[in-house]
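# Sequence first, predicted coordinates after that:
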Amino acid sequence: MAMNTLSIGTYIPGKTHFRFSPESRPFGRVYKPGKVLSSVRSMGSSASSQRPGKVQVAGAADYASLSDEEWKKKLTPEQFYITRQKGTERAFTGEYWNTKTPGTYHCICCDTPLFESSTKFDSGTGWPSYYEPIGNNVKSKLDLSIFMPRQEVVCDACGAHLGHVFDDGPPPTRKRYCINSASLKLKPK
């Protein structure tokens, strides 16, 4: 996976500086006055986040060709909002935020296995949190939808928005995949 670098300044409202490397041109450039710079790697660029090939992709459907109307028939309004429109459920309200049931968490849209319950931990955030996905079934991409850059995580098979990944998780990965319950379906062991 190609490494994108991102220089960000300390967030000061109206004075934050963002500069993207040439590799990230599709995201454009945003400049604001004031700069205290540090360097950040995009998710997937470190050796610890590399995984073997895909473990499983459920079915061979062409999910990219499904219209919003087709997704709306398959999903509840909340599931559609979160997975297809990049929404976020309120903290401490999702079905799985405090679940301890052993099993595998699958994508609600395409049934691809995403996380094992053995990688779930209590992050105190109010969303289900995992330190490692299954194989390469989860991918990340830069999210600039709010005042600071984040790494959005999506299902590799169907592109469903799952949540975000942060670098403040437990060993061995130090990653925290903060996931919306509405994007998941638990299959107990």
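Yes, it's here.
# Could you give the bridge partners of residue 177?
Beta bridges link residue 177 to residue 130, residue 165, judged by DSSP bridges.
# check contacts around it.
115, 129-133, 138, 153, 162-165, 169 (C-beta atoms under 8 Å, 6 or more residues apart in numbering). In this view, the C-beta of every residue, glycine as well, is placed from N, C-alpha and C.
# Residue 107 too?
58, 114, 155, 157-158, 160, 162, 183-185.
# Looking at those, which gets the smallest pLDDT?
Lowest pLDDT of the contacts of residue 107: residue 58, 46.
# On the three-state scheme, residue 73 is what?
helix (DSSP: H, G, I helix; E, B strand; the rest coil).
# Low-confidence bits of this structure, can you list those?
Along the chain, segments meeting pLDDT under 70 span 1-60.
# Helices along that one, start to end?
Using DSSP state H, the helices found in the chain span residues 68-74, 77-84.
# Tell me which other helices or strands the last one touches.
For helix 77-84, the elements it packs on are helix 68-74, strand 161-166, judged by 3 or more C-beta pairs under 8 Å, 6 or more residues apart in numbering; DSSP states H and E.
# do the first one as well
With contacts defined as 3+ C-beta pairs under 8 Å, 6+ apart, helix 68-74 has these neighbours: helix 77-84.
# coming back round to it: mind putting the contacts of residue 107 into CSV with distance to residue 121?
Formatted as CSV, the contacts of residue 107 follow (distance: C-beta to C-beta, whole Å):
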residue, distance to residue 121
58, 25
114, 15
155, 21
157, 25
158, 26
160, 22
162, 16
183, 18
184, 15
185, 20
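# Going through these, which ones are buried?
58, 114, 155, 157-158, 160, 162, 183-185 (16 or more other C-beta atoms under 10 Å).
# Residue 128: what's it in contact with?
94, 96-97, 99, 105, 120, 178-179, 181, 184.
# again, but for residue 106
58, 112-114, 184-187.
# Mind telling me the two of those farthest from one another?
Longest distance between any two of the contacts of residue 106 is 14.9 Å, between 58 and 186; criterion C-beta to C-beta.
# what's the nearest residue to residue 122 if we skip its chain neighbours?
Leaving aside its sequence neighbours, residue 122 sits nearest to residue 129 (C-beta to C-beta, 6 or more residues apart in numbering; 7.4 Å).
# Quick check, the one you found in contact with residue 178.
Yes - if you go by C-beta atoms under 8 Å, residue 129 and residue 178 touch, sitting 5.5 Å apart.
# joint contacts of those two?
Common neighbours of residue 129 and residue 178 (C-beta under 8 Å, 6+ apart) are residue 123.
# What are the boundaries of the strands in the chain?
5-9, 18-20, 37-41, 103-107, 113-116, 120-121, 129-130, 138-143, 150-155, 161-166, 176-179, 184-188 (DSSP state E).
# The fourth one: partners in the sheet, and parallel or antiparallel?
What that stands for is strand 103-107. Counting by DSSP bridges, strand 103-107 is paired with strand 113-116 (antiparallel), strand 184-188 (antiparallel).
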